[in-house]
Structures are given as C-alpha cells and as structure tokens.
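> Let me see the structure of the following:
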Amino acid sequence: MLLPAILVANVGVPMLLLLWPALGLAWLPLTLLQVELGHRGLQLPRAVALKVVGVAKLVATLIGVPLVWVVMLALQLAVGALLSVSGAGDSSVVAAATLPLRSAWLAPTQDAWRVYLAFAVLAVPCSAVTLVTERAIARRMLAGLESHAVRGWINRANVLSYVLLVITAALYPVATGGRAW
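The predicted structure follows:
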C-alpha cells in the first residue's frame, strides 16, 4: 500500500472527552452549592447534605453522564445512517436541523462555538439523567424527610448547577477567540 508523505487523521471529537473533565472540574463547586442549598432549604446539617450530594453526584457523573453520551451517540449514528440511505444528508437545511442530534461526536472543526453548542446540547439530557439519579438517591438516603421537599431541593440545585455550567462553558469560545484548538 502506498501512503502519502503526510498522513492526517482527524476523526472528530467524542464530546464525552470534553464533557467529563468539565464536570470533574465543576464537581466540587457544584457539590458545595448543592450542600448549601440543602442546608438552607431543608435545614440539613452540612455533613449530611455533603454525604447525600457527594454520593448522588458521584453516581450521576460516573454512570449517568456516560450512559447519556452512549445513547446520544447511538441516536447520532442511527440518524446519520437514515440520512445517508435517504440521500437527505447532503442538504444544509437537514444538516442544521439535525445538529442537536449530532452532538455526541463532533465532526472535525476549528469552530469553538460549535464545540460549545454540542456541550450545551449534551448538558440537557445529562441534566435530566442527573436530576432523576440524584433525586432517587437523595430520597432513599433522606427517607425521613418529605419527598416533595427533597425533590424540590434536588430540582433547584441541579437546574442552577447546569445553568452555571453551561454559562461558564461559554467562556471557552470567548477566551479562544472562536478557535476550537
């Protein structure tokens, strides 16, 4: 086989490689935020709130987020296959309309805003899975408290956490002047 003098392979970016480290960096501040909200809203001792949030966030981050990414990747592959077979994938309108469905694995790009958009799109189902996971764990660990109060705490804390995460992530394209790498 003849190889060109310069071989360049860019298969794109699996967004889990960007999403997971971002969640890892944000884990401590978001955990402390949720602990404080639990302390103030439910009058939980901070140590109890920390234990609940720590366990819930750990499970959601290590299991829930990768699961969301795998499901989104499977959806992306299925949509891509359907568009390829139908021939509709060549349309720029279809490409724009299906952009959210193609956020798990980005095509090669130098556009930091596209990377940010994929991050923000993935944050939505990640937030939903995190919410469900953390609620279930918190309700189990705090069985003595009213279920609706625990649910309200976890809901508020997670929505606030993901909004702050997405807003903070917007600093990336701003800081890079729009260049991805």
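
> Show me the residue sitting in the middle of the protein in space.
Ala123 (3.4 Å; Cα atoms, centre = their mean).

> Arg179 versus the closest residue to Leu160 other than its chain neighbours, what's the distance?
Nearest residue to Leu160 in three dimensions, chain neighbours excluded: Leu33, at 6.9 Å (Cβ to Cβ, 6 or more residues apart in numbering). Heads up, the C-betas are built off the backbone N, CA and C, glycines and all. For Leu33, the distance to Arg179 (Cβ to Cβ, to the nearest Å) stands at 31 Å.

> cool, and Gln43?
48 Å.

> Over to Trp113?
10 Å.

> quick one: which of the two has more around it?
Taking other Cβ atoms under 10 Å, Trp113 and Arg179 do not tie; Trp113 has more neighbours (16 against 11).

> what helix or strand is the more buried one on?
helix 112-141 (DSSP states H and E).

> Counting neighbours, which bits of that helix end up buried?
112-123, 125-127, 129-131, 133-135, 137-139, 141 (16 or more other Cβ atoms under 10 Å).

> Quick check: mean pLDDT of it?
Average pLDDT, helix 112-141: 93.
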